[in-house]
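*Asks:* Next one to model:
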Amino acid sequence: MTDAQLTEDLISELLRLGAQRILQETAEAEVDEFLGRGWYERGSEQAGRRGYRNGNTPLSLRTTQGPIQLQRPRVRGNEEPYQSAILSRVARLEDHLMRLATEMYVRGSRPAISNKP
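*Replies:* Numbers count the residues shown, from 1 in each chain. Next up, the predicted model:
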C-alpha cells in the first residue's frame with residue numbers, strides 16, 4: 001500500500017467512527033429527553049414515571065465509508081411507544097439513497113441528449 005492509500009483509509013475510518021459516535025450519542029440523548037432523566041437517575045415523583053431503559057437493539061447502517069454498527073436504545077413501561085427520530089431519519093435517507101442509486105444504474109447515468117443544433 002502506498003502512503004496516499006494508507007492516509008485515505010485512515011481518514012475514511014475516522015469519518016466512519018466519528019459518524020458512529022455522533023449518531024450513538026444523539027440516540028442516547030433522545031432517550032434521556034424522552035424519559036426526562038439520564039442513565040441511573042430517578043425521575044421526580046411529580047413528573048411520574050414515563051418508562052425505563054431496557055437495553056439496546058443492534059442496528060447497522062450503510063454509508064459511503066462503510067457500515068456503521070449502532071446500538072438502538074429500547075424503552076419499556078411507557079404509554080406511548082418510543083421511536084428515535086434521528087435513527088429513523090437516517091434509515092429512511094439510507095433507503096432513499098439506495099433506491100436512487102439503483103434507479104440511476106437501471107436508467108443509466110448519462111445526461112439526456114437534446115435535439116438542438
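
*Asks:* From now on I want contacts and neighbour counts done on CA atoms only, so please keep to that.
*Replies:* Fine.

*Asks:* Let me see the mean pLDDT of whichever strand or helix holds Leu23.
*Replies:* Element membership of Leu23 [criterion: DSSP states H and E] is helix 3-35. Helix 3-35 shows a mean pLDDT of 89.

*Asks:* could you say what helices and strands it packs with?
*Replies:* Packing partners of helix 3-35 (3 or more Cα pairs under 8 Å, 6 or more residues apart in numbering; DSSP states H and E): strand 66-76, helix 85-107.

*Asks:* Please identify the most buried of those.
*Replies:* Comparing these by mean neighbour count (mean count of other Cα atoms under 10 Å), strand 66-76 comes out on top with a mean of 17.

*Asks:* Packing partners of that one?
*Replies:* Applying 3+ Cα pairs under 8 Å, 6+ apart, one finds that strand 66-76 contacts helix 3-35, strand 52-63.

*Asks:* Return the most buried member of the ones you listed.
*Replies:* Comparing these by mean neighbour count (mean count of other Cα under 10 Å), helix 3-35 ranks first with a mean of 14.

*Asks:* coming back round to it: need the helices and strands packed on helix 3-35 in CSV (columns: mean pLDDT).
*Replies:* Listed next are these as CSV, based on pLDDT from 0 to 100:
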stretch, mean pLDDT
strand 66-76, 89
helix 85-107, 79
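
*Asks:* Alright, I will stop here.
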